[in-house]
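> Just the structure for this:
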Amino acid sequence: MSQSNLDLTENPSSPGRLSRRAACAGQEPIASVLMARTLANPQLVSLAAGFVDQQGLPLEATREALEAIWSDPCRARAALQYGTTAGYLPLREILLGRLLQADGCSAAELGVSVEQVIVTAGSNQLLFLLGDVLLDPDDIVLCASPSYFVFLGTLKGLGARTVGVATDRHGPIPEAIDELLRHYQQAGQLHRVKAIYLCSYFDNPTGATVAGQRRAELVELVRRWSRDSKLYLIEDAAYRPLRYYGSDIPSIRSFDSAGETVVYVDSFSKTFSPGLRVGWGLLPKDLVQPVLAEKGNIDFGSPNFNQVLMATVLELGLYQRHVQQLCRLYRKKLDVALRAVADCFADNQHVLWLTPEGGLYLWLRLPEQVDTGPQGPLFERAVAEGVLYVPGDCCFPDAPSGKPKNFLRLSFGIPSCEEIIKGIQGLRRALAQVL
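All right, here's what the predicted structure looks like:
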């Protein structure tokens, strides 16, 4: 902690004294910095923001659902009233049923009930609540390295430590997790490790999907280590429906037959509408009450109207139809982005990338001498060439040896196909100038 932060939190004479948690949050998030750059220069092609396509927002489906709600005055009034802290029961029932169907399981097989389903204002709220009820300052969360940088910032704000786990194209490597846990056990710090976090489908930022055969192995590994000190695996499945190639595979949660290990987190922000802010999770029984108690203190229940609207969208079959349209739209964009990257960097064997089967992101590794960070030479050159990207270093947990500097994330959600090509060509020119 810096001396300036200590002054803010510990000097009682400071007129603007903030909490320790505010000091832990640190500087302005990189997402805000990138957004400010975009707003300041509307001509930039933003391959940075992980937003959804403006033309792909569900206007017609939302209108149809609203008309259905308004046609029933009792339902309309109920939608405009307070809801429960856990969320709108019909929506929770639908969500649990859909997950069980997708995984090919029954509620009895997994020992779950609708009481374990909680609806939140987007999945980020649930991730925050989980961190808030599980973590004390200096507790540890093992994260895929790289990982979802917004959650890394959330954990930092809670005063927790994030420790990176080695990954490959199939997700976090179980042997690497086992080795880390053994290290903390030998150091007498295993009780500090509270959770493992990963994005199981089309990861943000890498686009990788945790391999099917690895999922059961991860659950068994976490369950084994929980015998000495309780450990949870947080499975972020926000991108699961956005699959463009290959077949769906069961969630990591489906391998947790005892229901004590995996927290399943999902959201409709990327697959329907981010403006509705509807996320949800399936929690182990022992986490339900603590999370609900904390949630009740924060918001007294997430927006009820949005939940009724989302339930209606699902009941009328409008959601699946919209997801099919999105998949056609984003598959075309992914193909364009992959062709543009291949064309632009074919002459540089040190530029490498993963080929995702879905999601919204491409993850590039550049030559080791290239610093992609916001203070590095490539970032400003790229802005000058009309393109914005997410610097890869913000996606890595802190490490004693420092963070890799030669990675970047591209998102193809917002720009048109023509803008994607233009932006990647601008990135090629910027890299050529730096090299």
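> got the contact list for Thr271?
Thr271 is in contact with 239, 241-242, 319, 322-323, 326, counting by C-beta atoms under 8 Å, 6 or more residues apart in numbering. Just so you know, the C-beta spots here come from the backbone N, C-alpha and C atoms, and that holds for glycine as well.
> Centre of the chain to stretch 176-192, how far?
25 Å (C-alpha atoms, centre = their mean, to the nearest Å).
> mean confidence for it?
Stretch 176-192 comes out with an average pLDDT of 96.
> Flag every buried residue along it.
176-177, 180-181, 184, 190, 192 (16 or more other C-beta atoms under 10 Å).
> I'd like the list of those that fall within helices, please.
176-177, 180-181, 184 (DSSP state H).
> Please tabulate the residues you listed in TSV, including the columns distance to Asp398.
Shown next, in TSV, are those (distance: C-beta to C-beta, whole Å):
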residue	distance to Asp398
Ala176	17
Ile177	18
Leu180	14
Leu181	19
Tyr184	16
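> Leu362: which of those residues is nearest?
Proximity of these to Leu362 (C-beta to C-beta) peaks at Ala176, which lies at 23.8 Å.
> Would you confirm that the closest one contacts Val163?
No: assessed by C-beta atoms under 8 Å, Ala176 is found out of contact with Val163, at 10.8 Å.
> re the thing from before, with the ones in helices among the buried residues of stretch 176-192 in mind, which one is nearest to Leu96?
For these, the nearest to Leu96 is Ile177 (28.4 Å; C-beta to C-beta).
> Identify the residues contacting that closest one.
With C-beta under 8 Å, 6+ apart, Ile177 has these contacts: 142, 165, 196, 218, 221.
> so who does the last one touch?
The neighbours of Leu221, taking C-beta under 8 Å, 6+ apart as the test, are 174, 177-178.
> again with Arg243
201-202, 327, 357-358.
> And for Ser71?
If you count contacts by C-beta under 8 Å, 6+ apart, then Ser71 has nothing around it.
> And it, how far from Phe305?
Distance from Ser71 to Phe305, counting by C-beta to C-beta, to the nearest Å: 16 Å.
> residue contacts, the residue lying closest to Glu93 once chain neighbours are set aside?
Leaving aside its chain neighbours, Glu93 sits nearest to Val114 (5.3 Å; criterion: C-beta to C-beta, 6 or more residues apart in numbering). By C-beta under 8 Å, 6+ apart, the residues touching Val114 are 89, 92-93, 96.
> just the strands in the stretch 151-300 of the chain please.
Under the criterion DSSP state E, counting those that start in this stretch, the stretch 151-300 of the chain contains strands at 161-165, 167-168, 171-172, 193-199, 232-236, 262-267, 279-282.
> what stretches of this structure score poorly on pLDDT?
Within the chain, the ranges that satisfy pLDDT under 70 run 1-16, 25-33, 35-40.
> Domains in it, by residue range?
The chain resolves into domains spanning 3-57+322-434, 62-318 when parsed by automatic domain parsing.
> Can I get stretch 383-397 as PDB, trimmed to CA atoms?
Presented in PDB, the C-alpha positions along stretch 383-397 are these (Å, rounded to 0.1, in the frame of the first residue of the first chain):
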ATOM      1  CA  VAL A 383      -4.400   5.000 -31.100                       C
ATOM      2  CA  ALA A 384      -2.600   7.100 -33.700                       C
ATOM      3  CA  GLU A 385      -3.400   4.400 -36.300                       C
ATOM      4  CA  GLY A 386      -7.100   4.600 -35.300                       C
ATOM      5  CA  VAL A 387      -7.500   1.400 -33.100                       C
ATOM      6  CA  LEU A 388      -8.000   0.700 -29.400                       C
ATOM      7  CA  TYR A 389      -7.300  -2.600 -27.700                       C
ATOM      8  CA  VAL A 390      -7.200  -3.900 -24.100                       C
ATOM      9  CA  PRO A 391      -3.600  -4.200 -22.800                       C
ATOM     10  CA  GLY A 392      -2.900  -7.700 -21.700                       C
ATOM     11  CA  ASP A 393      -1.100  -6.900 -18.500                       C
ATOM     12  CA  CYS A 394      -4.400  -5.800 -16.900                       C
ATOM     13  CA  CYS A 395      -5.700  -9.300 -17.300                       C
ATOM     14  CA  PHE A 396      -2.900 -11.000 -15.200                       C
ATOM     15  CA  PRO A 397      -3.000 -11.300 -11.400                       C
END
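> and the helix ranked longest in the chain, what other elements does it pack with?
What stands out as the longest helix in the chain, according to DSSP H, is helix 318-344. If contacts are counted by 3 or more C-beta pairs under 8 Å, 6 or more residues apart in numbering; DSSP states H and E, helix 318-344 sits against helix 59-70, strand 361-365, helix 417-434.
> okay, the ones you listed in CSV with mean neighbour count and distance to Lys403 next?
Converted to CSV, the helices and strands packed on helix 318-344 look like this (neighbours: other C-beta atoms under 10 Å; distance: least, C-beta to C-beta, whole Å):
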stretch, mean neighbour count, distance to Lys403
helix 59-70, 15, 41
strand 361-365, 22, 13
helix 417-434, 20, 19
